[in-house]
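# Okay, predicted coordinates and the sequence, questions at the end:
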Amino acid sequence: MVGLPSVENREMIMKTLLAKERVDDGMDFKELGTMTEGYSGSDLKNLCTTAAYRPVRELIQQERLKDLDKKCRAEEAKKAGVAPSTDADKEDKVITIRPLNMADFKEAKKQVAASFAAGGAIMSELKQWNESYGEGGSRKKEQLSYFL
């Protein structure tokens with residue numbers, strides 16, 4: 001049975017998961033490791049995914065507001081009898097998503113909780129079962145007579 005990752009391991013897991021993402025220079029992975037006490041590797045993956053979507057959602061929201069603003073201006077121009085300008089539509093845009101920062105992870109942590117408590121009843125029952133029946137359990141300590 002594999003236990004939950006330590007602070008250092010959580011830090012390394014998140015660095016690995018975020019290796020291909022743009023991360024803010026001031027990102028404190030030690031703090032991330034500390035604030036994710038009780039998180040499994042899968043929980044950390046979900047946390048990183050949720051945090052990575054935050055800048056994308058912000059960009060989509062900005063684009064929607066721009067489109068809505070364009071539509072309003074076009075309607076106003078139509079009512080005034082003026083041809084809407086098309087210069088703004090012809091601009092070539094380079095869309096850049098901002099780097100991830102600590103605020104993204106703090107917001108993501110509100111949405112992604114640990115799967116189960118490290119010191120909870122379920123974990124202690126799992127450890128007890130593993131000791132009794134699992135690979136490292138007490139059944140290996142007993143030599144079975146019918147195999148002799």
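Great, that's in hand. Residues are numbered from 1 along each chain as shown.
# So Cys72: helix, strand or coil?
helix (DSSP: H, G, I helix; E, B strand; the rest coil).
# give me every residue that touches it.
With contact set as C-beta atoms under 8 Å, 6 or more residues apart in numbering, Cys72 has no partners. Backbone N, C-alpha and C define where each C-beta goes, glycine included.
# Distance of it relative to Ile60?
19 Å (C-beta to C-beta, to the nearest Å).
# next one: Ile13
From Ile13 to Ile60 the distance is 28 Å (C-beta to C-beta).
# who's more crowded, the two?
Higher neighbour count among Ile13 and Ile60: Ile13, with 22 against 11, using other C-beta atoms under 10 Å.
# what sits against the residue lying closest to the more buried one once chain neighbours are set aside?
Using C-beta to C-beta, 6 or more residues apart in numbering and skipping the chain neighbours, the partner closest in space to Ile13 is Leu44 (5.1 Å). With C-beta under 8 Å, 6+ apart as the criterion, the residues that contact Leu44 are Pro5, Arg10, Ile13, Met14, Leu17, Thr36.
# which of the residues in the helix or strand encompassing Leu44 are buried?
For Leu44, the host element (DSSP states H and E) is helix 41-80. Within helix 41-80, the residues that count as buried by 16 or more other C-beta atoms under 10 Å are Asp43, Leu44, Asn46, Leu47, Cys48, Thr50, Ala51, Ala52, Arg54, Pro55.
# Can you tell me which of those residues lies closest to Lys109?
Leu47 (6.5 Å; C-beta to C-beta).
# and the closest one, what is it in contact with?
So Leu47 contacts Met14, Thr36, Tyr39, Phe105, Ala108, Lys109, Val112 (C-beta under 8 Å, 6+ apart).
# Rebuild the residues you listed as CSV, extending it with neighbour count and secondary structure.
Shown next, in CSV, are these (neighbours: other C-beta atoms under 10 Å; DSSP: H, G, I helix; E, B strand; the rest coil):
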residue, neighbour count, secondary structure
Met14, 25, helix
Thr36, 23, coil
Tyr39, 25, coil
Phe105, 24, helix
Ala108, 19, helix
Lys109, 17, helix
Val112, 20, coil
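# Many thanks, I have nothing further to ask.
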